[in-house]
Structures are given as structure tokens and as C-alpha cells.
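**Student:** Could you work out the structure for the sequence below:
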Amino acid sequence: MATATSKPAGGAPAPAGAGKAFEFDIIVIGGGPAGYAAAIRAGQVGKRVLCVERESLGGTCLNWGCIPTKALLEDGEFVRRIRTEAADRGVTVGKVTVDFAKIIGRSRGIAEKLSKGIAHLFAKYQVKHEMGTGRLLAPGRVRIQDASGSKKDVTAEHVIIATGARPTPLPGVEFDGVKIIASRQAMMLPTQPKKLAIIGAGAIGCEFADFYNALGTEVVLVEMLEHILPIEDDDVAVVLNRVFTGRGIDVRTGTRTDKVESTATGVRLTLSGAKPGVVDADVVLIAIGVSGNTEGLGAAEAKLELLRGRVKVNGQFATNLPNVWAIGDCVALDFPADSPMAGLRHPDLAHVAHHEAVLLVDRLAGVGNETIDYRQIPGCTYTHPQVASMGLTEKRAREQNRQIRIGKFPFAASGRALAAGESDGFVKLIFDAKYGELLGAHMVGQDVTELLAELVLARKLEATEHEILSAMHPHPTMSEAVMEAAGAADGRAIHI
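**Tutor:** Numbering: from 1, shown residues only. Sure, this is the predicted structure:
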């Protein structure tokens, strides 16, 4: 039997103490994509479960990230297309004005509706919910403190930590929520800024650059690395950079932000590198990444091990404490040195958190034992055009000395894309040259995030280049580009 200080071998649940009674089977700390999914799944399999959330059900993703930002992006694209495409489509439009407050209000309304939906699901599956901050006292014991400061202790056989993450400030620069902001403030500014500077051109920075540019804000996008979307395939980044530049976004890659100063009228950035200079703006959005929410979790008192400020877990989401687990953006992965996933950084993505939650609860309930291959995580950026990817980039595959074959099909050769007026971009597939195994998928174009699931499934089922090509794709669709890209890898594409 595991003791209070022992670590369950291989991430297996430690046996409960003989005759020990708990108020709950599972306590989940956090109600975001990881936490609420874990709580709902636990309810579905008949567990007595309590979810502790200090703010709004749905966490950052539903309330301040994934969902409301997509509403903003769709509204921005709607405005852009009216302004730039109406005449070509035979539509005469007068002066287009933007009600910024109404656009913001629509996105907030969607978030609120979905948060209420989670509360309904909690009731449906008999999940108990407490508003407050959860603090781990010891394995099986959590203290809840509500907004008034009132405290109470609760117990459970298993504790799942799912506290998520928050934006990371630029070193030496503090968020003030007014002029120096993070993504949360960027989606609910009281007025539309005339000029916006964005530091960091990852998914969040690029999405906000897209949205504000579409509404008419002057945007400066600063990225220290060589490309925007640095983790994406280089060819993808080049296309999005070209589109952004063509729309008037001042993209400054290979450029470092040396100083951010608050001024009487806004902010001033001092830049060095490829595109140096001084940039004055009304507001600066810092979007350089996120940090795990582990402060106040009680890690030191409970002797919970952290790694780089996040909860350290193995491939089964086990912490160093028996029956204490962690999932989602608050975790740091720790695989053995001989594992093919050794050294991988945890992907801070809602769909990863969701899958971790379901797989963990299924394991605890004894109804599943699946694992996640973190080398094959799908990623999406909802700019216009969209970006979607999975697996090895071409650069990474060549660094690993892989023998590869690449198939690339441009949307300029797609009848469906031309009909939609969306010819920017391509589908790029990377295959193992010998066996035809799909190693990577990289796409930029209209609605490519909707095409990615086919390739995720293809990878999971170990489909080859031939099988993707021979699967009949309906015509005319954007998805035909996937089939054509597979064919292009060895000269069998019909339309190029």
C-alpha cells in the first residue's frame, strides 16, 4: 500500500486507506477545459465529484480565450470582406462603420451562454460545484476559500489539479490592464485603439493582429524570432506574413523589444534588431506565452513537486504525491530520458487539456488506459487565412535526417477555394519516403482548421500517403486539397 509520501508506480492510482471514508471520490481544482471535462466525465462514470473554481466555469478558454476570441475574429473578417470584397461580388455598400462595443458585447454574450451550459451539465451529471480557491493541504485533502475569506476542508480519494495558466509578462514590464495589457483585456477594451502594438507573434499575437487590423486599427506586430508563428512550418509563416503585410500590418520579425514605457498618451516601445526604432501606440498587448497557475495551490506545504513553475507529472498525469494528479496548462511533462517524448514541452491547448482529463478519469475509474502521443498534437491559429498543423515540420524532419517526400497543393488551384475568393495558402504533407507514413501536416488557408481532423485521424490509424490519396474526397470542397497534396508527393496530383 502506498504511504502518504510514496509515489504510485507508473502513475497507477494508489490504494485507498483501509476503511478510510472520503466525502468525495474525486475533487477537481479548476473549472477550465481540463477541470470541467474531468468533473463531467467523473460524473458520467458514477463518481462523487466536486469541482472547485474561483471564477467562471469554463476557465480562460471559454470565458477569455478560445471561444470569445473566435467570435471577435469572425466579426473582424465579416467587416474586412464587406470593405474589400463587396464591389467585386457585385454588392454596393455605403460607408461601413464599426460599433466596437457591440462587437465586444457579442463575444461576451457567447462566453456567458456557454459557461451557463457547463453549469447545466454539472447538474445533469450530479457534479457538485464550489466557488472558491482550492488549496492542496495533503493527498486527499483540499481547503476551499471563498470570496469572503471563509474556509472549509474537503476530502477525496483522488485530487485532480487543473488550475490552468495565465499570460506571462515581458521581463521588467508589468501589466497595468489599461495601456500594457494581456489577451484578457485585449478582448474587452472600452474603446477601439487607433494604434496597437503587439509583442509576440505566436497564435495569440497573430489572432489579435488580424482582428484589430480588420476593424481599422493600425497594428505593429513585433516578434523576436525569425518568423511569425515560430513553431509552425516556415512555408506557412511566410504566407501569413505576406498576407498580413499586404493588409497593412507592420510586421517586425527578428526584432527585440528593449523597453516599454508608459507615456501621457499611451506607450512607447524601443526596438532593436532587424527592424529597430521607436514605436508609439495607444496600447501594447504582450503575448509572449503563459505561466502555470501554481501560486496559492499549496504546493510547498503539501510537498507537491514543481518543474519550471508548473506541476511536474509523468505520462499518466501522476504527480509525486499518491492519488494527486495534474492535467492541462498547469503541468510540466517529465518523461524518462529514453522516452521518444523526453524533453517535450506540454502543449498549452484546450483540446489537449480536454483529452488529458477524459483519459485520466477513465483510468481512475478502470474503464480505459490510453495515453497521448505528444509528438502528434494538432494546433490551430484562427487568423484569416487560418493555420493548422500536426507533427514534424519540414525543417525538423530534415534535422532528424529523415528521408522524406513532400506533397504540396496550393489553394490557387482549388476550384472551391477560388469560388470562395480564398486562394491564399496551401496544404503541405510530409511523408516518410520509404513507408509512406504521414509525419506532418501543415496548412494555411480558408477554414483549414476544419481540414485538420481528417489528418489527425489518418495519423492515428497509421494511414499512408496512398491511403489518403485513394480515399475519395467530395467535389468541390476545400478537403480535396488534402487528397491532391498526398498525390503531389509522388507526382500523382491531377490539378497541378
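
**Student:** which residues touch residue 76?
**Tutor:** When contacts are counted by CB atoms under 8 Å, 6 or more residues apart in numbering, residue 76 touches 103, 210, 211, 212, 213, 214, 215, 384. Every C-beta, even on glycine, is put in place using the N, C-alpha and C of the backbone.

**Student:** Go through those and name the one nearest residue 136.
**Tutor:** Proximity of the contacts of residue 76 to residue 136 was ranked by CB to CB; the top entry is residue 211 with 37.9 Å.

**Student:** What is the burial count for that closest one?
**Tutor:** Neighbourhood size, residue 211 [other CB atoms under 10 Å]: 28.

**Student:** Which helix or which strand is home to it?
**Tutor:** With elements taken from DSSP states H and E, the one containing residue 211 is helix 203-215.

**Student:** moving C-terminal of that helix, what's the next helix or strand?
**Tutor:** Next helix or strand after helix 203-215 toward the C-terminus (DSSP H and E): strand 218-222.

**Student:** for the record, mean pLDDT for that next one?
**Tutor:** If you average the pLDDT over strand 218-222, you get 98.

**Student:** what's the answer for stretch 398-415, then?
**Tutor:** In this model, stretch 398-415 carries a mean pLDDT of 97.

**Student:** The chain should start at 779 in everything you say after this.
**Tutor:** Sure, I'll start counting at 779 from here, so that last one is stretch 1176-1193.

**Student:** Of all the residues in it, which ones are buried?
**Tutor:** For stretch 1176-1193, the neighbour count (16 or more other CB atoms under 10 Å) marks 1180, 1182, 1183, 1184, 1185, 1186, 1187, 1188, 1189, 1191, 1192 as buried.

**Student:** tell me which of those residues is nearest to residue 885?
**Tutor:** residue 1189 (28.2 Å).

**Student:** In contact with that closest one, which residues are there?
**Tutor:** Residue 1189 makes contacts with 1195, 1200, 1201, 1202, 1203, 1204, 1205, 1223, 1224, 1256, 1259, as judged by CB under 8 Å, 6+ apart.

**Student:** What of residue 1113?
**Tutor:** For residue 1113, the contact set (CB under 8 Å, 6+ apart) comprises 1092, 1093, 1119, 1120, 1121, 1122.

**Student:** and if we set it to 10 Å?
**Tutor:** By CB atoms under 10 Å, 6 or more residues apart in numbering, the contact set of residue 1113 is 1091, 1092, 1093, 1119, 1120, 1121, 1122, 1152.

**Student:** Residue 1005 too?
**Tutor:** Residues near residue 1005 by CB under 10 Å, 6+ apart: 979, 1011, 1012, 1014, 1015, 1016, 1018, 1019, 1029, 1031, 1032.

**Student:** let's see it at 8 Å
**Tutor:** Per CB under 8 Å, 6+ apart, neighbours of residue 1005: 1012, 1015, 1016, 1019, 1031.

**Student:** try residue 806
**Tutor:** 813, 814, 816, 817, 820, 827, 828, 829, 830, 937, 938, 940.

**Student:** I'd assumed residue 808 was in contact with the fourth one.
**Tutor:** No. At 9.4 Å, residue 817 and residue 808 do not qualify as touching, with contact defined as CB atoms under 8 Å.

**Student:** quick one on the thing from earlier: give me the buried entries from the contacts of residue 1113.
**Tutor:** Buried among the contacts of residue 1113 by 16+ other CB under 10 Å: 1091, 1092, 1093, 1152.

**Student:** which ones among the contacts of residue 806 are found in helices?
**Tutor:** Assigned to helices by DSSP state H, the following of the contacts of residue 806 qualify: 813, 814, 816, 817, 820.

**Student:** pLDDT weak spots in the stretch 779-928 of the chain?
**Tutor:** 779-789, 793-798 (pLDDT under 70).

**Student:** run the last query once more with 50
**Tutor:** 779-787, 796-797 (pLDDT under 50).

**Student:** all strands for it, in order.
**Tutor:** Per DSSP state E, counting those that start in this stretch, the stretch 779-928 of the chain carries strands over the ranges 802-807, 827-831, 906-909, 911-916, 919-923.

**Student:** picking that back up, next, format the buried ones among the contacts of residue 1113 as TSV and append distance to residue 1144, pLDDT and secondary structure.
**Tutor:** As requested, the buried ones among the contacts of residue 1113 are arranged in TSV below (distance: CB to CB, whole Å; pLDDT from 0 to 100; DSSP: H, G, I helix; E, B strand; the rest coil):
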residue	distance to residue 1144	pLDDT	secondary structure
1091	20	97	strand
1092	19	96	coil
1093	18	94	coil
1152	24	96	coil
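
**Student:** of the residues you listed, closest to residue 869?
**Tutor:** Nearest to residue 869 among the buried ones among the contacts of residue 1113: residue 1152, at 46.6 Å, using CB to CB.

**Student:** what's the longest helix in this structure?
**Tutor:** When the chain is parsed with DSSP H, its longest helix is helix 878-902.

**Student:** what's the offset of that one from the middle of its chain?
**Tutor:** On the basis of CA atoms, centre = their mean, to the nearest Å, helix 878-902 is displaced by 19 Å from the centre of the chain it belongs to.
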